[in-house]
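**Q** this one's sequence-less:
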C-alpha cells in the first residue's frame, strides 16, 4: 500500500532559525497537502500542491512539490514560537480512495 | 462558527463498557472520516463514509463500528473498549476524497477517550 514518510520526527530550533521538514512517498502522488496540529489541538489545513515542481509561499512558509511528485518539503524561515506544533503531509496516489498522512514532524521553538 | 463538531470533548468509560462518540458537520460535505490519534503519533484512519458508502480500513478492529444516519451526522461506536483504545478520536470531513481542492479535510476538535 501507499506509504508516506516524514523526516525528521522531531526538531528543536532556536527562535529565529530556519526549519525544514521533508515528506517522501512510495508512489507518485496526485496532490500533496500539509496540515499543522498545535499542541492539544486538531490538524488544520495549510496548503495543497498539485503540479510537478510547484512552489507556494505563505508568509514565512514555503512549500515545494517535487518534480516526480513523490516528495515535498515545508520550509519555515525565521521560526517564531507560534510555529510550534506538528506538521503533517498527506497525499494520495491516483488509485487511492483516501489521503495517507505522513508520520509528522514535531517542531519545538526555543525562545 | 464551528463547522465540524464533536461530542463529547472528553469521554471516560470503563473497560468493556460500550461508548458512542458523535460528529456533526455544517459543511454539507460528502465524506466523513474517523481517525484515532495516540500521543505523538499521526492520525490513523479507522474508516470513512463517502455519502452512504462505508469504507473500512483493513486493520481497523471489529470492535470499532460506525453509523452515518444522514449527511450531517456520523457516529463512532466502540463496542468493548480496552485500555489500548484510550486515544483522541478525530472526525474530519471533505467534499471529495483524494484529488483537487475538494479533498481538503476539515477536522473537528476531537474527543479524548479515557478507559478505566
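**A** Now that the structure is in, tell me what you want to look at. No experiment lies behind these values; they were computed from the predicted model shown. Residues are numbered from 1 along each chain as shown, chains lettered A, B, ... in the order given.
**Q** and for the residue of chain A found nearest chain B, nearest residue in space, chain neighbours not counted?
**A** Closest to chain B within chain A is residue A:92: 3.6 Å, counting by CB to the nearest CB. For every residue, glycine as well, the C-beta is placed using N, CA and C. The shortest distance from residue A:92 to any non-neighbouring residue, by CB to CB, 6 or more residues apart in numbering or on different chains, is to residue B:98 (3.6 Å).
**Q** go on, residue B:35?
**A** According to CB to CB, 6+ apart, the nearest residue to residue B:35 is residue B:43 (3.8 Å).
**Q** again, but for residue A:26
**A** Excluding the flanking residues, the one nearest residue A:26 by CB to CB, 6+ apart is residue A:3, at 4.4 Å.
**Q** surely the one you found meets residue A:100?
**A** Yes: look at residue A:3 against residue A:100 with CB atoms under 8 Å: they come within range, at 7.2 Å.
**Q** quick revisit: contacting residues for the residue nearest to residue A:26?
**A** Taking CB atoms under 8 Å, 6 or more residues apart in numbering or on different chains, we find residue A:3 in contact with A:25, A:26, A:100.
**Q** the residue nearest to residue B:35 against residue A:103, yeah?
**A** No: between residue B:43 and residue A:103 there is no contact under CB under 8 Å: 10.6 Å.
**Q** still on that earlier bit, can you pick the most crowded of the contacts of residue A:3?
**A** residue A:25 (23 neighbours; other CB atoms under 10 Å in any protein chain shown).
**Q** show me what contacts that one?
**A** Neighbours of residue A:25 in contact, by CB under 8 Å, 6+ apart: A:2, A:3, A:4, A:5, A:32, A:70, A:71, A:91, A:93, A:100.
**Q** state the helix or strand in which the residue nearest the centre of chain A lies.
**A** With distances taken as CA atoms, centre = their mean, residue A:89 lies nearest the centre of chain A, 4.1 Å away. Residue A:89 belongs to strand A:85-92 when assigned by DSSP states H and E.
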